[in-house]
Every structure is written in C-alpha cells, then in structure tokens.
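Chemist: the amino acid sequence is not available; the structure is as follows:
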C-alpha cells in the first residue's frame, strides 16, 4: 500500500488496469472524488457509491477502509491483506462448488434418461413384457402417463435447481 498513501495506491491500481478490468473505472472515479474534496462526508459518500457499484461484501469492506485511509490517514494494509485472504478462500470455495455442481449436473443429465431406458429394457427382460406393451401402459393409461409426466417434471425441476445453484454469484 504505497507507504500508507491511499492516493498513490489507487493511482497504481488504475495504471495497472489490466488486472482490475471490472473495477478499474470505479477505482478511477473514486480516486477523482477523493482528490476533489477534503470533506470527510463527501469522501464517505464516494466510498459508499463505490461499494454500491460493486455490490459485494468485500467491496463494502474495501470502500470503508479506503475511506478511513483517505479521511483519517489510517493504515489499512492489515485490513487489505485480510480482504485478500478472504477473496482467495472464496475463490477456492467457488472452484470447489463449480466442480461439484458440474458433476451433479452431468450425472442428472445423463443418468436419468439412461436409467429410464434401462428400466424399460429390464422390465421387458425380467417380467416378460414386450416393449410395445410397456410403452402402451406407460403412455396410454392414466397411471402410466401420470408417472411419466411426474418423472419428466421432476427431471426438469432438478435441472432448473442445478442451473440456479451453479449460476449463483459468489460474493468476491
């Protein structure tokens, strides 16, 4: 943190914009706002706008620390390091969650249809029911159709829940 100078720190972050593509414009705007005023209330408001634009917990923590450093000259190096540690842990958790969700999505997508088809063939082989008779009972009778629609509904519901869980934004 540029020898406890938050302005130099923000300048260096803005200059190295390749690493902070998402937050580069927000950091630049925050730097301009902080330099433009000496009023602690306007500094706090600029920091809150930065946090609101990011919309994450770590963004709120970082903006508060930037405000403390700009308004009061506090040393925020330990706090910034703690935020980095939390972000690293969150990234590791997200990778683990993606891996687990990917496995469950593939299992559901492939195993449910395969299991149904295997069940049809096993019923035909073990119960001596012709496949045509099984499909007739599955589609043309009320009970069979109800169970088929229930299977399809639960399959779609499962796929929807898995996609909602795997596309969830991680707060980092």
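Modeler: Perfect, thanks for sending it. Being a predicted model, the structure only gives us computed values, none of them experimental.
Chemist: what helix or strand is residue 49 located in?
Modeler: Taking DSSP states H and E as the criterion, the element that holds residue 49 is helix 40-54.
Chemist: now that helix: mean pLDDT?
Modeler: What helix 40-54 shows for mean pLDDT is 89.
Chemist: what's that helix in contact with?
Modeler: If you take Cβ atoms under 8 Å, 6 or more residues apart in numbering as the criterion, helix 40-54 is touched by 23, 26-27, 29-30, 33-34, 36-37, 59-60, 62-64, 66-67, 70-72. For the C-beta atoms, the positions are set from N, CA and C on the backbone; glycine is no exception.
Chemist: now it: buried residues?
Modeler: By neighbour count with 16 or more other Cβ atoms under 10 Å, helix 40-54 contains the buried residues 43-44, 46-47, 50-51, 53-54.
Chemist: and which of these is nearest residue 90?
Modeler: Residue 90 lies nearest to residue 54 out of these, by Cβ to Cβ, at 13.8 Å.
Chemist: now the closest one: how far from residue 126?
Modeler: 59 Å (Cβ to Cβ, to the nearest Å).
Chemist: can you check residue 47 too?
Modeler: Relative to residue 126, and taking Cβ to Cβ, residue 47 is found at 69 Å.
Chemist: ok, residue 10 next?
Modeler: Using Cβ to Cβ, residue 10 is found at 71 Å from residue 126.
Chemist: good, we can wrap up now.
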